[in-house]
Every structure is written in structure tokens, then in C-alpha cells.
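**Q** predicted coordinates and the sequence they were generated for:
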Amino acid sequence: MNFEGFSHLKIHAPNLEFFDIGGIFQGVTFENTRLLTVISIGLYVNAPADLSTVKKGTSNLLKFFSHIPQIQRLEVQSYFLKYLAIGNVPGRLPVACLSLNYLSMRINFNDHMEIKTAFCLFTSSPNLFELEMLARPDEESTTHPPTSFWAGNNDSGCLFDNLRIARVFDISSTKPELDFLKFLLANSPKLEKLTIKPGSVDGGMEFLKELLRYRRASVLAEIIYMDT
């Protein structure tokens, strides 16, 4: 469901199991939604970069996950990850998402806070089975790459213990993207299939050569490269 005209959404629905929405808003809160298992949510405008109005100690990420303990499938579309990254981002959530087995995120691989938020979700989802990461190349081309976050966390101890399927789409072979792929392969001991689809065909062969050099924690991991 798409909508406009609301600044804040407060979802109070004790029997709700599925939630799929996209639009332009400033905030979303779940209350009494302990049965909710599937969420797909998209923010269609860029979240504000100015954090001066954010209250000290607050966290959009913590507020979002505080009342969805049974979440099994989560799709973070458009700019919603940037919204979740506003405020304090912990290393992991206070309560792990033990039921979360599918995660899809649209991400700017050059945005440190979005990367930190994604990492928090990874560390808090020990039973993740399927992961999809979609780059936002329009933003990545206008921001400066941060110091490599993924390279600094490459020895995180097989973070994706149960991950079997991964997809990384719309990438352009930037260093942060390559560092993430290296991180993913090195920390997924049960990975069976990694599908990569670039945003363009430029430099495709060099990208493949670089990718094949990366260490794989899973000897069964198959890498599929899709031309655009």
C-alpha cells in the first residue's frame, strides 16, 4: 500500500501478521504487534541528513524493533535504511531477531551510518538464511567512500552461520562494495549461492578476477555473475 499525507505512523494491531507499505513520512512506530512476522517498508524520499534535531540517546533502529519480536521476513526499501540509521546505532540489538530468516536492504555502501545499521542487523540475526543487498548507485556516486568498515570487521567469527543464499545487486565495483563481498564470503561458512548483478557492465572482467581471489568460508559457495 502506498500513501501520502501522514507524517508519523503508529501501528497498533495485536492480530497483524503482514505489513507492506511505502510512502513519504517522518517516522513509524509499532505497538502491540507481537504477531507481526512479515514487513516490507519503503521511504520514498531521502531521510534528513541533519541530525541536530535528534534527541540525545534516541535510536530509530531500537524503536523500530522493540515490538516485533517474531519478525521472520524484512524488506527495507528505498531510503528506509537511512531512516533507521538516525540516532544511536548499537553493535547489536538488545533482543536478537531469532526468527528472522530473510532480509532485503537497499543501501548506500558509502554511508557509514547505513553500513553500521546493516552490521547491527547482521549481528542480531543469527538464523538468517537468505540475504539480499541492493545498492543505491545514484547516492554512492555523490558521496565519499568511508574508511573500510567491512575490512575492519573481517574477523568477526563467521557472522552468517546459517546463511545459504545471498544476492548483491546494482553494484558498481567500488571499494566499499568489494570489501562487503569479501566480508560476506569470509563469514558465511554454509553459503551455497551468491548471485551478483552489477549496475553496469563496465569493468566486469576485472571485477570477476578480483572476486575470485577472495577467501570463501564455504567450500560449496557458488558465485553467479549476471550481466545487465
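**A** Sure, I can see it.

**Q** in this structure, where is pLDDT below threshold?
**A** 1-5, 47-57, 138-147, 152, 154-158, 201, 203-204, 228 (pLDDT under 70).

**Q** where do the helices sit along it?
**A** 60-65, 80-84, 112-123, 137-140, 149-152, 175-186, 204-212 (DSSP state H).

**Q** pick the most buried one from those.
**A** The highest average neighbour count among these, using mean count of other CB atoms under 10 Å, belongs to helix 80-84 at a mean of 25. Quick note: C-beta positions are derived from backbone N, CA and C, even for glycine.

**Q** alpha carbons of stretch 66-82, in PDB - could you do that?
**A** Taking Å, rounded to 0.1, in the frame of the first residue of the first chain, the C-alpha atoms of stretch 66-82 are listed here in PDB:
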ATOM      1  CA  SER A  66      11.200  -3.000  20.100                       C
ATOM      2  CA  HIS A  67       7.700  -4.500  19.300                       C
ATOM      3  CA  ILE A  68       8.300  -7.000  16.500                       C
ATOM      4  CA  PRO A  69       9.900 -10.000  18.300                       C
ATOM      5  CA  GLN A  70       8.500 -12.600  15.800                       C
ATOM      6  CA  ILE A  71       9.800 -10.900  12.600                       C
ATOM      7  CA  GLN A  72      10.700 -13.500  10.000                       C
ATOM      8  CA  ARG A  73      10.900 -11.600   6.800                       C
ATOM      9  CA  LEU A  74      12.000  -7.900   6.500                       C
ATOM     10  CA  GLU A  75      12.400  -5.800   3.300                       C
ATOM     11  CA  VAL A  76      13.900  -2.400   3.800                       C
ATOM     12  CA  GLN A  77      13.200  -0.400   0.600                       C
ATOM     13  CA  SER A  78      14.300   2.900  -0.900                       C
ATOM     14  CA  TYR A  79      15.600   5.200   1.800                       C
ATOM     15  CA  PHE A  80      14.200   3.400   4.900                       C
ATOM     16  CA  LEU A  81      17.600   2.100   6.000                       C
ATOM     17  CA  LYS A  82      18.800   5.800   6.200                       C
END
